[in-house]
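Visitor: With the input below, show me the fold.
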Amino acid sequence: MSSDDLVSPIECPPSWTLVSLKSICKKIGSGATPTGGQAAYQKTRTKFALVRSQNVFDREFSEAGLAFISDEQADSLRGVRLEKNDILLNITGDGVTFGRACLVPATALPACVNQHVSIIRLDSQQADPGYVVSYLTHPTIKSYIESFNAGGSRRAITKAHIESFVVPLPPLATQRAIAALLGGIDDRITLLRETNATLEAIAQALFKSWFVDFDPVRAKMEGRTPEGMDEATAALFPDGFETSELGEVPRGWRVGCIDDICSTVTNGGTPSRSKTEYWEQGTIPWFKTGEFHDGFLLQPSERITNAALIGSSVKLLPKDAVLMAIYAAPTVGRLGILVEPATFNQACTGMVARNEVGPWFLFWTLLNGRDWFNSRANGAAQQNISKAIVSAYLTVIPPNPVLDSFNLVASGIHEAIRMNTEKAMTLSTLRDTLLPRLISGQLRLPEAQNELMCAIG
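Guide: Now for the predicted structure:
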């Protein structure tokens, strides 16, 4: 097919060239799982990593869960070793993981890929990796990629599909300028996320000190003033322990289960896909477990209408409710906090903390229990837990004044996290808005830079 026959998914200036992705690539291909599968992976890295679909997010590479393989295993995959500036594209997966793309970071190398991830290696004389990955991860182009889906509910695309992707290609200098602008937005988003990680670590350390290690109680037993708290807060803690079914707990505190600290514990549901009135022009967020990242849920992939709530298994929970993923490793135990009333599917358990307990004590209690939840996951095809298991989790329950004091501090930390998360969302939306306008010629680079400066203040 000649370039004259190609149709761009996004409008672009007539001076730009339309090309197939194959024509600007040195390599397009996926890998394989080494002989022996996961059981043959190494526990620690000696040299080579194996990149899988769970490491590939849109415009972001996650080293969490990165697998490690031996030199011998890597040698069997030498045809799919990664190089600097390679683009990674998930070619199988569900509606969340399928089609995600990012650049491979230098920290992941040397590495190979498995069969669920494609390597896209560009000809650097024709195309800039930052520009092409920006193009592939734009929402409009993700829908375009979805249209090639050769699978069912589990999506899949082939090498031939990828080779046929149409890419509008401006001059290389323009590609680099667009990539630099959008990459700068990514850097700001990364900084906000790093700030949030620090704040989350502070909140987690506070929870662990007060409710796991019981540092204030131990300090008072030793005649010391508890660190990092005023006299009034220190007075809320006892100066001794008593025996309970969880072992030693602060004197006067009790042990209870999740049911005891929640007013609601419920599973979700999925509205009928055959009833379009449940989905078209929906305004109520509907979450799936792939959108859980142990923090605030701000970006549901889908929304439903009020009609979907009538006489169905779908539940509407209020702001500050906590959702937990209960189906399928590695997502079991992942958490999300609602910033507005929302619904969720049957792979989640939703919880509303009692007023005197508050959402932050509930959230950190559940996060602290993740290993316990995962140890009870079972199932042949996928590892699951149940609402009953979640409800039965035991925890120490301090008196209300202690809970009030913790939630006062934690709410301030989490409010800062929420604001940073929303700033990151605003920047992400701006990035996705700028790209098609730049490609179409509706916006010039200096104007885009001005819009960015206005957005960040």
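
Visitor: CA only for contacts and neighbour counts going forward, please
Guide: Noted.

Visitor: which residues of the stretch 351-457 of the chain fall in helices?
Guide: With DSSP state H, counting those that start in this stretch as the definition, the stretch 351-457 of the chain shows helices at residue ranges 359-368, 370-375, 387-392, 400-440, 445-456.

Visitor: any chance of those helices in JSON lines, plus mean pLDDT, distance to residue 209 and mean neighbour count?
Guide: As requested, these are arranged in JSON lines below (pLDDT from 0 to 100; distance: least, CA to CA, whole Å; neighbours: other CA atoms under 10 Å):
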{"stretch": "helix 359-368", "mean pLDDT": "95", "distance to residue 209": "12", "mean neighbour count": "21"}
{"stretch": "helix 370-375", "mean pLDDT": "88", "distance to residue 209": "18", "mean neighbour count": "15"}
{"stretch": "helix 387-392", "mean pLDDT": "93", "distance to residue 209": "23", "mean neighbour count": "16"}
{"stretch": "helix 400-440", "mean pLDDT": "89", "distance to residue 209": "11", "mean neighbour count": "17"}
{"stretch": "helix 445-456", "mean pLDDT": "72", "distance to residue 209": "36", "mean neighbour count": "13"}
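
Visitor: tell me, how many neighbours does the closest residue to residue 420 other than its chain neighbours end up with?
Guide: Setting aside the residues directly before and after it, residue 420 is nearest to residue 192 in space (CA to CA, 6 or more residues apart in numbering), at 5.8 Å. Residues within reach of residue 192, counting by other CA atoms under 10 Å, total 19.

Visitor: same check, this time on the one 10 residues further on
Guide: Other residues lying near residue 202 total 14 when counted by other CA under 10 Å.

Visitor: SS state for it?
Guide: helix (DSSP: H, G, I helix; E, B strand; the rest coil).

Visitor: residues contacting the residue sitting nearest the centre point of the chain?
Guide: Most central residue of the chain, judged by C-alpha distance to the mean C-alpha position with CA atoms, centre = their mean, is residue 293 at 4.4 Å. Shown in contact with residue 293 (CA atoms under 8 Å, 6 or more residues apart in numbering): 334-336.

Visitor: Inside strands: which ones of the residues you listed?
Guide: Judged by DSSP state E, strands contain the following of the contacts of residue 293: 335-336.

Visitor: Any chance of CSV for the contacts of residue 293, columns pLDDT?
Guide: Output for the contacts of residue 293, formatted as CSV (pLDDT from 0 to 100):
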residue, pLDDT
334, 90
335, 93
336, 92
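
Visitor: quick one, phi/psi of the nearest residue to residue 96 once chain neighbours are set aside?
Guide: Spatial nearest neighbour of residue 96, excluding adjacent residues (CA to CA, 6+ apart): residue 290 at 6.1 Å. Here is the backbone geometry of residue 290 (degrees, to the nearest 10): phi -70, psi -10.

Visitor: swap in residue 232?
Guide: The phi/psi pair for residue 232 (degrees, to the nearest 10) is phi -60, psi -40.

Visitor: do residue 297 as well
Guide: Taking degrees, to the nearest 10 as the convention, residue 297 sits at phi -100, psi 110.

Visitor: so which strand or helix has residue 296?
Guide: If you go by DSSP states H and E, residue 296 is part of strand 295-297.

Visitor: starting at the chain centroid, how far to that strand?
Guide: Here strand 295-297 is found 9 Å from its chain centre; the criterion is CA atoms, centre = their mean, to the nearest Å.

Visitor: quick one: strands adjacent to it?
Guide: strand 335-338 (parallel) (DSSP bridges).

Visitor: who touches the strand it pairs with?
Guide: With CA under 8 Å, 6+ apart, strand 335-338 has contacts from 292-298, 318-325, 363, 367.

Visitor: Are any of those buried, and if so which?
Guide: 292, 294-298, 320-325, 363, 367 (16 or more other CA atoms under 10 Å).

Visitor: Tell me the one of these nearest residue 256?
Guide: residue 363 (15.5 Å; CA to CA).

Visitor: Now do the contacts for the closest one.
Guide: 322, 335, 337.

Visitor: Residue 163 now?
Guide: 20-23, 28.

Visitor: What count of nearby residues applies to the residue nearest to residue 96?
Guide: Residues within reach of residue 290, counting by other CA under 10 Å, total 15.

Visitor: close enough to count as contact, it and residue 94?
Guide: No - counting by CA atoms under 8 Å, residue 290 sits too far from residue 94 to count as a contact (9.1 Å).

Visitor: Contact partners for residue 320?
Guide: Counting by CA under 8 Å, 6+ apart, the residues that residue 320 touches are 337-340, 352, 359.

Visitor: Show me which of the buried ones among the contacts of strand 335-338 is closest to residue 429.
Guide: residue 298 (12.3 Å).
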